[in-house]
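Asks: Sequence and predicted structure are below.
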Amino acid sequence: GKIAKAGAAMLTSFGGFAGKAFMDFEDSMAIVQTIADTSAVSMEQLSAAALETSDVTGQAATEIAAAAYSAISAGVDTADAIGVVEQAAKAAKAGLSDTETVIDGLTSAMNAWKISYSDAETVLNKMIVTQNVGKTTIDQLASSLGNVTGIAPQVGVSLEEILAATAAMTKNGYQTGVSMNALKAVMSAVIKPTSEAAEAAKEMGLKFDAAALRSKGLIGFLEDVAAKTGGSEDKLAKLFGSVEALGGVMLLTG
């Protein structure tokens, strides 16, 4: 009857879709093979692990394969790539993101701060905590961390401090990307203070340079700034010239 014919048509259509999806997955894994260390793990093992991860996380197998390519490209060992991707996929689900975006942000941060990939789950958990404490998402964090990776590790500001400051700023109305840019502006102002800032810091008895930031950490440094300026907007403005940096400092020290 009509129902039987409709069912047969649906099965034929689904079979064609599934076949195409499998071919897309094979094509994706063929691209992974161009950079994978197959002496450490075979492509058959990688493919099986990717499919299993897809089942566990509910993410498309092609997305898992694409994220594995990004992870290996960023320096994750081939043998560890699928495991890191699985953790990223779970975080992506919790943070309104896609796996590849999380992998990109995660690997950028871990490479910048020289964190071992064995600690990937720990870093992702810290991002989840930041999402829960602040008004941000893992997607926004992963997309914005690149704003500070070029400067924060060089002056000893930890990823944890960046995440804590971002949580505080977003909780008080800042968007995630704006928060990261403000933190970058703050650190830049300290690393290369203007002549007015250097003179003002000297008058306040405030050590205002990269060495102070590195030795005290971001939180300790800002606590010192708050103590020496008494929260005076005029004094803070002399130290942090740009509107971006000044706004961030006033929020964090206030």
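Replies: Sure, I can see it.
Asks: residue ranges for the strands of this protein, please.
Replies: Under the criterion DSSP state E, the chain carries no strands.
Asks: Show me where it dips below the pLDDT cut-off.
Replies: 1-23 (pLDDT under 70).
Asks: all helices for it, in order.
Replies: Ranges of helices in the chain, per DSSP state H, are 2-33, 43-57, 61-73, 78-94, 99-112, 120-133, 138-144, 159-171, 176-191, 195-204, 210-229, 233-239, 243-253.
Asks: so can I have TSV of these showing mean neighbour count and distance to residue 151?
Replies: Placement of C-beta: from N, CA and C, glycine included. Output for the helices of the chain, formatted as TSV (neighbours: other C-beta atoms under 10 Å; distance: least, C-beta to C-beta, whole Å):
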stretch	mean neighbour count	distance to residue 151
helix 2-33	12	33
helix 43-57	17	34
helix 61-73	24	23
helix 78-94	23	25
helix 99-112	23	9
helix 120-133	18	19
helix 138-144	24	14
helix 159-171	21	10
helix 176-191	22	5
helix 195-204	15	17
helix 210-229	17	10
helix 233-239	17	17
helix 243-253	19	12
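Asks: how about JSON lines for these, with distance to residue 150 added?
Replies: What follows is the helices of the chain, written out as JSON lines (distance: least, C-beta to C-beta, whole Å):
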{"stretch": "helix 2-33", "distance to residue 150": "28"}
{"stretch": "helix 43-57", "distance to residue 150": "31"}
{"stretch": "helix 61-73", "distance to residue 150": "19"}
{"stretch": "helix 78-94", "distance to residue 150": "22"}
{"stretch": "helix 99-112", "distance to residue 150": "8"}
{"stretch": "helix 120-133", "distance to residue 150": "18"}
{"stretch": "helix 138-144", "distance to residue 150": "13"}
{"stretch": "helix 159-171", "distance to residue 150": "12"}
{"stretch": "helix 176-191", "distance to residue 150": "8"}
{"stretch": "helix 195-204", "distance to residue 150": "21"}
{"stretch": "helix 210-229", "distance to residue 150": "14"}
{"stretch": "helix 233-239", "distance to residue 150": "22"}
{"stretch": "helix 243-253", "distance to residue 150": "16"}
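Asks: between these, which one is nearest to residue 153?
Replies: Nearest of the helices of the chain to residue 153, taken as C-beta to C-beta: helix 99-112 at 5.0 Å.
Asks: just checking, what packs against that closest one?
Replies: Identification of packing neighbours for helix 99-112 by 3 or more C-beta pairs under 8 Å, 6 or more residues apart in numbering; DSSP states H and E yields helix 61-73, helix 78-94, helix 120-133, helix 138-144.
Asks: Which neighbouring elements make contact with the second one?
Replies: Using 3+ C-beta pairs under 8 Å, 6+ apart as the contact criterion, the secondary-structure elements in contact with helix 78-94 are helix 43-57, helix 61-73, helix 99-112, helix 120-133, helix 138-144.
Asks: Nearest to residue 182, out of the ones you listed?
Replies: Proximity to residue 182 (C-beta to C-beta) singles out helix 138-144 among the helices and strands packed on helix 78-94, at 11.2 Å.
Asks: Which elements pack onto the closest one?
Replies: Looks like helix 138-144 contacts helix 78-94, helix 99-112, helix 120-133, helix 176-191 (3+ C-beta pairs under 8 Å, 6+ apart).
Asks: got the contact list for it?
Replies: Residues outside helix 138-144 that contact it (C-beta atoms under 8 Å, 6 or more residues apart in numbering) are 91-92, 94-98, 101-102, 104-106, 124, 127-128, 130-131, 163, 166, 175-177, 179-180.
Asks: Show residues contacting stretch 213-229.
Replies: Residues outside stretch 213-229 that contact it (C-beta under 8 Å, 6+ apart): 155-158, 161-162, 164-165, 183, 187, 190-191, 204-208, 212, 235-236, 239, 249, 252-253.
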